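Engineer: Fold the following, please.
(chains A and B)
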Amino acid sequence: MIQTDLCIIGAGPVGLFAVFEAGLLKMRCHLIDALPQVGGQLSEIYPQKPIYDIPGYPEVKAQELVDNLMEQIKPFKPTFTLGERVDYLEKQEDGSYVVTTSDKTQVHAQVIVIAGGLGCFEPRKPVLDNLETFEGKGVTYMVKNPETFRDKNVVLAGGGDSALDWTIYLAEVAKRVTLVHRNETFRGAPDSAAKVFDLASEGKIDLILSANLKEISGNGKLDSVTLTDKTKNEYKIETDYLIPLFGLSPKLGPIADWGLSIDKNAIEVDTRDYSTGVDRIYAIGDINTYPGKLKLILCGFHEAAIMMHSAFKYVYPDQKLSFKYTTVNGVNAF
Amino acid sequence: MVKFTVEDQDGNRQEVEAPTDMGFSLMEILKASEYPILATCGGMALCATCHIEILEGPDELGEATDLELDQLENLPEYFPTSRLSCQIRVSDMLEGAVLKLRGEDVI
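Structural biologist: Below you'll find the model as predicted:
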């Protein structure tokens, strides 16, 4: 089990900066994020977009801000669990918490900081009967380990960059790859689209255009996918796997079940220290709400600083907290 | 001011009134009217959570831009007159239009 002072749920800009504020108070942090990389929506949705309201930066690209935050928190040696969603929080007898992720990683922390933004980014699912019953039994929304698909029949659905990229990659690994796309053309990267058309004309993959998923079937495990084309003809394809790739969408997810007070998908907090109604659990950034709340990165930074001074008492119950400026004390690395 | 009709995820229709001279996007008006739209990216046409379908209205209103199609085509389902409401400026073109919310609801 991972031992830390604070477990921060969400590695977006506010979660990252919280590590810095915690570090100044000698508190160690472990961060967990459902996305496979840090940066939250900045990295996932708009990495190349300029942001104009970060104090001291007339203009900064979203990814650049994330990279700078990672540099800024380096002295405090944060640790990360990425690509896993936090499913459970369990209070221990001494008041501390054990956090369990979707992949059963466990983290023991004195304090929980929810910096979850809009929630976790989860795959968008196509509307198909019985889809859920085949999840993990042939239907998967993410290629975590390409070797899973070695010498298997795989159907991919979607027309974006990830559908193109995985089709190209899996063409070398899988027994047979079929890409199903609802249009005649792809809007993803032109190079990848050209490569996919080449693979299809060389007979290395099956490319089915202007077609939609209609149904899936199998006996306990997926064995076929039925498609319809634009003239409503149906095709049945025998397959071991179906990988629908229709992008990601944020969901509040299990956070809703942790007994916190929630209003319109945000966690209500006390503005004195951004604590939730539950002992030792704080919420900062876009995931919290209070009268006058503004969903701005800079407000989240402010909340992180105040919140850490409140959390100090749980990590160092016997010590008195004295406020210090970095200009006086510098940044004392761990 | 302009008046149009919004059909929510449950099929309930309601008339909404919005000013045309304040530079609002349709997404901003829908959010202000407390419809459950995430608008994750805040109006950059980068997330498709403000997806709507134009059921009635001028043809032009139902024509998505390239920027919108990049997102719409990634969705599991979209329609011939699908739009991202963040890319529709509130104007007289909306008068009498009927639109249906298609974005994912928040759980």
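Engineer: Every contact and neighbour count from this point should use C-alpha atoms.
Structural biologist: Fine.
Engineer: dump the residue contacts of the residue most central in space within chain B.
Structural biologist: The centroid of chain B falls nearest to residue B:85 when counting by Cα atoms, centre = their mean (3.0 Å). By Cα atoms under 8 Å, 6 or more residues apart in numbering or on different chains, residue B:85 lies in contact with B:25, B:26, B:27, B:50, B:51, B:52.
Engineer: my read: the third one touches residue B:50, true?
Structural biologist: By that I understand residue B:27. Yes. The criterion here is Cα atoms under 8 Å, and residue B:27 meets it with residue B:50 at 6.5 Å.
Engineer: between those two, which one's more packed in?
Structural biologist: residue B:50 (29 against 26; other Cα atoms under 10 Å in any protein chain shown).
Engineer: ok so, going back, okay if I get the contacts of residue B:85 as TSV plus pLDDT, secondary structure and distance to residue A:224?
Structural biologist: Below are the contacts of residue B:85 laid out as TSV (pLDDT from 0 to 100; DSSP: H, G, I helix; E, B strand; the rest coil; distance: Cα to Cα, whole Å):
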residue	pLDDT	secondary structure	distance to residue A:224
B:25	96	strand	44
B:26	97	helix	42
B:27	95	helix	40
B:50	94	coil	33
B:51	95	strand	31
B:52	96	strand	32
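Engineer: Can you lay out those residues as CSV showing distance to chain A?
Structural biologist: Shown next, in CSV, are these (distance: Cα to the nearest Cα, whole Å):
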residue, distance to chain A
B:25, 18
B:26, 20
B:27, 17
B:50, 11
B:51, 12
B:52, 16
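Engineer: What lies in contact with stretch A:324-332?
Structural biologist: Residues contacting stretch A:324-332 (Cα under 8 Å, 6+ apart): A:24, A:75.
Engineer: Around chain A, which positions in chain B sit nearby?
Structural biologist: B:40-41, B:46-47, B:49, B:70, B:73-77, B:106-107 (Cα under 8 Å from any Cα of the partner chain).
Engineer: quick one on the thing from earlier: now do the shared contacts for residue B:27 and residue B:50.
Structural biologist: By Cα under 8 Å, 6+ apart, residue B:27 and residue B:50 have these common neighbours: B:37, B:39, B:84, B:85, B:86.
Engineer: ok, those vs chain A, which is closest?
Structural biologist: residue B:39 (10.1 Å; Cα to the nearest Cα).
Engineer: now that closest one, what's its secondary structure?
Structural biologist: Under DSSP: H, G, I helix; E, B strand; the rest coil, the three-state class of residue B:39 is coil.
Engineer: Might one say that it is in contact with residue B:51?
Structural biologist: No. Counting by Cα under 8 Å, residue B:39 stays clear of residue B:51, with 9.1 Å between them.
Engineer: of those two, who's got more company?
Structural biologist: Taking neighbours as other Cα under 10 Å, residue B:39 and residue B:51 compare with residue B:51 leading, 26 against 22.
Engineer: Could you verify my assumption that that one touches residue B:81?
Structural biologist: No. In this structure residue B:51 lies outside contact range of residue B:81 using Cα under 8 Å: 10.6 Å.
Engineer: Now do the one helix or strand in chain B whose mean pLDDT sits lowest: which elements does it pack against?
Structural biologist: Using mean pLDDT, DSSP states H and E, helix B:66-72 stands out as the lowest-scoring helix or strand of chain B, at a mean of 89. Secondary-structure packing of helix B:66-72 (3 or more Cα pairs under 8 Å, 6 or more residues apart in numbering or on different chains; DSSP states H and E): strand B:82-84.
Engineer: Which is the succeeding secondary structure element to the strand it packs on?
Structural biologist: Remark: after strand B:82-84, the chain's next helix or strand is strand B:98-101, criterion DSSP states H and E.
Engineer: Mind giving me the packing neighbours of that next one?
Structural biologist: strand B:2-7, strand B:51-56.
Engineer: chain center to the first one, what's the gap?
Structural biologist: Centre-to-centre, strand B:2-7 and its host chain are 10 Å apart (Cα atoms, centre = their mean, to the nearest Å).
Engineer: Give the pairing partners of it; include direction for each.
Structural biologist: The partner list of strand B:2-7 in its sheet, established with DSSP bridges, is strand B:13-18 (antiparallel), strand B:98-101 (parallel).
Engineer: quick check: mean pLDDT across the last one?
Structural biologist: This points to strand B:98-101. For strand B:98-101, the mean pLDDT works out to 96.
Engineer: Does stretch A:272-288 reach chain B?
Structural biologist: No. Contact of stretch A:272-288 with chain B (Cα under 8 Å from any Cα) is absent, the minimum separation being 10.6 Å.
Engineer: Just the endpoints, please. Distance across stretch A:1-18?
Structural biologist: Length of stretch A:1-18, first residue to last, Cα to Cα, to the nearest Å: 22 Å.
Engineer: With stretch A:201-219 instead?
Structural biologist: From start residue to end residue, stretch A:201-219 stretches across 33 Å - Cα to Cα.
Engineer: Is chain B within reach of it?
Structural biologist: No. Using Cα under 8 Å from any Cα, stretch A:201-219 stays clear of chain B, with a minimum separation of 9.3 Å.
Engineer: Run through who's touching that stretch.
Structural biologist: Under the criterion Cα under 8 Å, 6+ apart, residues A:128-131, A:157, A:171, A:176-184, A:197, A:199-200, A:222-230 lie in contact with stretch A:201-219.
Engineer: Need the buried ones from those selected in PyMOL.
Structural biologist: To isolate the buried ones among these in PyMOL, judged by 16 or more other Cα atoms under 10 Å in any protein chain shown, type:
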select buried, chain A and resi 157+171+176+177+178+179+180+181+182+183+199+200+222+223+224+225+227+228+229
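Engineer: Among the contacts of stretch A:201-219, which ones are in helices?
Structural biologist: Mapping the contacts of stretch A:201-219 onto helices (DSSP state H) picks out A:171, A:197, A:199, A:200.
Engineer: quick check, nearest of those to chain B?
Structural biologist: residue A:197 (18.2 Å).
Engineer: In contact with that closest one, which residues?
Structural biologist: If you count contacts by Cα under 8 Å, 6+ apart, residue A:197 has them with residue A:207.
Engineer: again, only using 10 Å
Structural biologist: Residue A:197 sits next to A:185, A:203, A:205, A:206, A:207 when contact means Cα atoms under 10 Å, 6 or more residues apart in numbering or on different chains.
Engineer: Adding pLDDT, secondary structure and neighbour count, write these out as a markdown table.
Structural biologist: Below are these laid out as a markdown table (pLDDT from 0 to 100; DSSP: H, G, I helix; E, B strand; the rest coil; neighbours: other Cα atoms under 10 Å in any protein chain shown):
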| residue | pLDDT | secondary structure | neighbour count |
| --- | --- | --- | --- |
| A:185 | 90 | coil | 12 |
| A:203 | 95 | coil | 10 |
| A:205 | 97 | coil | 23 |
| A:206 | 96 | strand | 20 |
| A:207 | 96 | strand | 19 |
